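Asks: Prediction below, plus the sequence it came from.
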Amino acid sequence: MLFAEAMDELRMQPNIQIFASDIDNEALDFARMAVYPDSIAADVSAERLKRFFIKEENTYTIKKQIREMIVFANQNLIKDPPFSRLDLVSCRNLLIYMEPVLQKKILPLFHYTLTHNGVLFLGTSESIGEFAHLFSPIDTKWKIFQHKEYVRERINDYPRTPFYDVLPTPQGFEEKRVPTVADIHHLAERIVLENYAPPCVLINEQYEILHFIGQTEKYLAPPTGKASFNVLKMAREGLKYKLSTALHQAVKQEKTIHSKGLKIKHNNSFRTVDLVVRPLTESGFTQGFMLVMFEDKTAPEPIQTKRTSAKDSVDPYAQSLEKELQSTKEYLQTTNEELETSNEELKSTNEELQSVNEELQSTNEELETSKEELQSTNEELVTVNSELQKKIDELSRANNDINNLLASTEIGTIFLDINLCVKRFTPPVTRLFNLIQTDIGRPISDITSSIQLIDLHNSAKDVLRTLARKELELQDKKGRWYSVRMMPYRTLENVIDGVVITFVDIGRLKEIKQLDRLATVVRDSNDAVTVQDFDGNILAWNKGAEFMYGWSTAEALAMNIREMVPEDRRKEVDELTKELKKGHFMKPFATQRLCKNGKILNVWLTVTALKDAAGRPAEIATNERDVSELKQLREDWVKG
């Protein structure tokens with residue numbers, strides 16, 4: 001996140017790759033998931049949470065932008081080969097758990113891992129110890145160090161790194177070219193330096209000679225045995241100890257050190273030399289380089305004249321001491337030479353082992369590169385797998401939603417493929433077809449059905465041929481009515497991939513239509529049809545009642561049936577209500593009713609008790625027919 005913020009601030013988009021290594025595979029697996037609990041909100045700012053994380057229920061998932069920067073790798077810092085060409089190594093609070101011997105092995109590996117001017121970031125309780133020649137401090141408080149160029153072919157116990165890969169020119173193939181003006185200037189400068197400037201050498205911080213200037217054979221001589229360019233090993237007798245002191249002072253004080261009047265033995269004679277050691281501290285130069293200059297102060301030899309010594313004899317005791325001292329020096333010299341020979345042999349063996357180690361290191365690096373590539377591929381596969389798993393979960397949820405939706409509609413549905421074989425069906429359809437899960441893939445013509453008079457296979461074939469919707473109303477063997485609808489199955493790409501058949505139970509709809517027809521008959525009947533509760537309150541009033549009694553529907557619904565019954569007939573109504581409430585059947589009978597205009601009508605009354613869902617009498621329905629004219633005709637017929 002810090003790198004991403006810095007890139008936005010600098011308006012730069014470099015390719016950043018972070019290698020996060022550990023020896024714990026479980027920790028690496030957890031880290032690769034990039035999922036954190038919502039408690040990180042206490043430590044991460046709201047702005048960073050919004051920018052770099054995706055909130056999912058009780059967790060935060062790192063965004064792909066940051067996740068792709070990091071490669072998680074299993075690495076044993078002690079045994080596995082290190083990474084190479086890194087710009088930053090952050091190893092905080094790890095070295096404190098290691099012994100000093102192991103620390104001395106790890107720190108040079110960090111130096112090898114870093115590029116030139118790369119940065120090493122340690123914990124506050126850790127340090128680089130004796131490896132100050134490999135790292136220079138940037139911030140001592142926060143233990144931030146910078147890679148230091150180490151101009152040397154190899155480091156002890158450290159893979160050799162060719163700092164200067166210079167291929168030798170084969171003999172006999174030197175390129176011939178015409179000298180330029182710059183070459184002539186360089187030649188003139190070299191002649192002046194060799195003849196008039198004091199002889200000097202350029203050395204690095206390990207006192208290895210990098211360059212000779214002038215004639216230095218009076219002061220330096222190649223050592224016996226294995227070749228070495230260490231200036232202290234090449235210093236002549238009388239110069240080594242003063243030179244060592246001057247070098248240490250120059251490094252410590254970072255200033256030029258002068259040592260005058262040194263006596264150096266050369267060709268069995270002594271020369272007087274002034275020694276100057278100057279550190280190269282100018283800006284732009286790598287720290288640790290020094291210039292060692294030799295100024296010859298030997299006085300010219302005086303003309304020799306023959307003189308007679310005052311005392312020709314030599315003290316025998318002094319001569320004995322000198323011989324003994326010379327013998328001791330020769331013995332020490334022999335011992336030193338033997339010791340140096342043994343050291344050189346050990347160094348030779350060590351370098352051979354170092355060479356083998358380098359080859360193994362190179363092989364390990366190639367394997368590590370392959371490992372990283374495989375790891376990167378694995379990371380990509382894990383990411384793709386996670387995305388696929390997420391899609392599968394979404395598809396599973398959508399499938400569950402569809403199943404629940406189809407089940408909740410109580411609509412039987414069969415999905416057929418292009419060959420009219422069953423692909424899928426909903427549970428309600430099993431009431432009509434003998435379908436089980438193992439029937440998926442079977443032709444629909446092989447499935448038996450309880451629906452009469454239908455050839456489902458040919459009907460579906462017609463739908464596929466014409467691509468036209470087909471609707472039918474059919475009855476099953478139990479008498480239930482269904483609306484059957486067939487239509488082509490279309491994909492998102494508008495490709496016909498089968499047939500969808502739905503079966504909707506319309507039995508209730510049929511009943512409602514039948515009741516609607518009956519209601520129309522009742523509403524338009526010439527007889528007075530009413531509905532009342534057991535307290536006599538009128539609940540329904542048809543047109544025939546309006547015409548017969550004169551009250552409108554609105555007026556009648558506000559009345560009680562007793563208001564329409566003459567006083568001498570009201571006891572009859574009470575008895576009738578009691579019998580109906582008990583569930584008794586009542587035969588039609590003749591009675592009287594009052595009209596709105598006060599006229600009394602003779603009516604033929606049919607009474608029925610309406611029951612509720614529990615089968616108990618709840619309301620009273622009446623059908624009343626005016627028989628006044630019939631009664632009058634009967635009376636007239638009797639009288640005639």
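Replies: Good, I have the coordinates. Residues are numbered from 1 along each chain as shown.

Asks: Need the phi and psi values for residue 75.
Replies: Dihedral angles of residue 75 (phi, psi; degrees, to the nearest 10) stand at phi -150, psi 130.

Asks: what's the following helix or strand after the helix or strand bottoming out on mean pLDDT in the chain?
Replies: Using mean pLDDT, DSSP states H and E, helix 181-196 stands out as the lowest-scoring helix or strand of the chain, at a mean of 64. Downstream of helix 181-196, the first helix or strand assigned by DSSP states H and E is strand 200-203.

Asks: Check which helices and strands that next one sits against.
Replies: Counting contacts by 3 or more Cβ pairs under 8 Å, 6 or more residues apart in numbering; DSSP states H and E, strand 200-203 packs against strand 209-213, strand 290-296. Every C-beta, even on glycine, is put in place using the N, C-alpha and C of the backbone.

Asks: so how far is that strand from its chain's centroid?
Replies: For strand 200-203, the separation from the chain centroid amounts to 56 Å (computed by Cα atoms, centre = their mean, to the nearest Å).

Asks: Stretch 576-584 too?
Replies: Relative to its parent chain, stretch 576-584 has a centroid offset of 80 Å by Cα atoms, centre = their mean.

Asks: Enumerate the positions of that stretch that are buried.
Replies: Buried residues in stretch 576-584, defined by neighbour count with 16 or more other Cβ atoms under 10 Å: 576, 577, 580.

Asks: State the distance from the first one to residue 8.
Replies: Computed with Cβ to Cβ, to the nearest Å, the distance linking residue 576 and residue 8 is 93 Å.

Asks: What of the last one?
Replies: When Cβ to Cβ is applied, the distance between residue 580 and residue 8 equals 88 Å.

Asks: who touches the residue lying closest to residue 218 once chain neighbours are set aside in this structure?
Replies: Nearest residue to residue 218, sequence neighbours excluded (Cβ to Cβ, 6 or more residues apart in numbering): residue 266, at 5.2 Å. Shown in contact with residue 266 (Cβ atoms under 8 Å, 6 or more residues apart in numbering): 218, 219, 236.

Asks: Closest one to residue 444 out of these, please.
Replies: Nearest to residue 444 out of the contacts of residue 266 is residue 219 (Cβ to Cβ; 108.9 Å).

Asks: just checking, the closest one touches residue 238?
Replies: No - with contact defined as Cβ atoms under 8 Å, residue 219 does not count as touching residue 238 (9.8 Å).

Asks: More neighbours: those two, which one.
Replies: Remark: of residue 219 and residue 238, residue 219 carries more neighbours, 26 against 17, as counted by other Cβ atoms under 10 Å.

Asks: picking up where we left off before, okay, and the common contacts of residue 219 and residue 238?
Replies: Common contacts of residue 219 and residue 238, defined by Cβ under 8 Å, 6+ apart, comprise residue 264.

Asks: Mind listing what's buried along stretch 376-389?
Replies: Using 16+ other Cβ under 10 Å as the test for burial, stretch 376-389 gives residue 379.

Asks: so which helix or strand takes in residue 593?
Replies: Per DSSP H and E: strand 589-594 holds residue 593.

Asks: And residue 484, by the same measure?
Replies: For residue 484, the host element (DSSP H and E) is strand 481-490.

Asks: so how far is the longest helix along the chain off the chain centroid?
Replies: Counting residues, the longest helix found in the chain (DSSP state H) is helix 316-408. In terms of Cα atoms, centre = their mean, the centre of helix 316-408 is set 29 Å apart from its chain centre.

Asks: Which elements pack onto it?
Replies: On a contact count with 3+ Cβ pairs under 8 Å, 6+ apart, helix 316-408 meets strand 70-74.

Asks: Could you list the residues in contact with stretch 76-96?
Replies: Contacts of stretch 76-96 (Cβ under 8 Å, 6+ apart): 19, 21, 23, 102-103, 105-107, 109-110, 112-115, 118-123, 125-126, 361, 364-365, 367-368.

Asks: Restricted to buried residues, select the residues you listed in ChimeraX.
Replies: A single ChimeraX command suffices to select whichever of these are buried according to 16+ other Cβ under 10 Å:
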select :21,103,107,109,110,112,113,114,118,119,120,121,122,126,361,364,368
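
Asks: Which of the contacts of stretch 76-96 fall in strands?
Replies: Using DSSP state E, the members of the contacts of stretch 76-96 that fall in strands are 19, 21, 114, 115, 118, 119, 120, 121, 122.

Asks: Sketch out the low-pLDDT regions of the stretch 101-250 of the chain for me.
Replies: Low-confidence segments of the stretch 101-250 of the chain (pLDDT under 70): 150-196.

Asks: hey, where'd the helices end up in it?
Replies: With DSSP state H, counting those that start in this stretch, the ranges of helices along the stretch 101-250 of the chain come out as 181-196, 231-234, 240-253.

Asks: tell me the angle the last one makes with strand 290-296.
Replies: What that stands for is helix 240-253. Interaxial angle, helix 240-253 versus strand 290-296 (axes from the mean of the first three to the mean of the last three Cα atoms, to 10 degrees): 140 degrees.

Asks: Who does the residue nearest to residue 218 form a beta bridge with?
Replies: residue 269 (DSSP bridges).

Asks: Could you do residue 91 as well?
Replies: Note on residue 91: beta-bridge partners residue 122, judged by DSSP bridges.

Asks: Can you tell me how far it is from residue 573?
Replies: 105 Å.

Asks: just residue 613 next, same as before
Replies: Distance of residue 613 to residue 573, given as Cβ to Cβ: 27 Å.

Asks: Also residue 140?
Replies: According to Cβ to Cβ, residue 140 and residue 573 sit 113 Å apart.

Asks: Neighbour count: those two, which is higher?
Replies: Using other Cβ under 10 Å as the criterion, residue 140 and residue 573 rank with residue 573 on top: 15 against 9.

Asks: which residues does the residue lying closest to that one once chain neighbours are set aside contact?
Replies: Leaving aside its chain neighbours, residue 573 sits nearest to residue 565 (5.4 Å; criterion: Cβ to Cβ, 6+ apart). Taking Cβ under 8 Å, 6+ apart, we find residue 565 in contact with 572, 573, 592, 593, 594.

Asks: Same question for residue 219.
Replies: Residues in contact with residue 219 (Cβ under 8 Å, 6+ apart) are 199, 235, 236, 239, 264, 266, 273, 294.

Asks: nearest to residue 394, of those?
Replies: Distance to residue 394 across the contacts of residue 219 (Cβ to Cβ) is lowest for residue 235, with 79.7 Å.

Asks: Quick check: that closest one vs residue 201, distance?
Replies: Distance from residue 235 to residue 201, by Cβ to Cβ: 10 Å.

Asks: Common neighbours of those two, please.
Replies: Taking Cβ under 8 Å, 6+ apart as the criterion, residue 235 and residue 201 both touch residue 220.

Asks: so where's the stretch 501-640 of the chain uncertain?
Replies: 632, 635-636, 638-640.

Asks: for residue 345, what are its contacts?
Replies: If you count contacts by Cβ under 8 Å, 6+ apart, then residue 345 has nothing around it.

Asks: Give me the contact list for the helix or strand that contains residue 8.
Replies: Using DSSP H and E, residue 8 maps to helix 2-10. Contact with helix 2-10 is made by 13, 14, 16, 18, 52, 65, 66, 69, as judged by Cβ under 8 Å, 6+ apart.

Asks: Just the buried ones from these, in PyMOL syntax?
Replies: To isolate the buried members of these in PyMOL, using 16+ other Cβ under 10 Å:
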select buried, resi 52+66+69
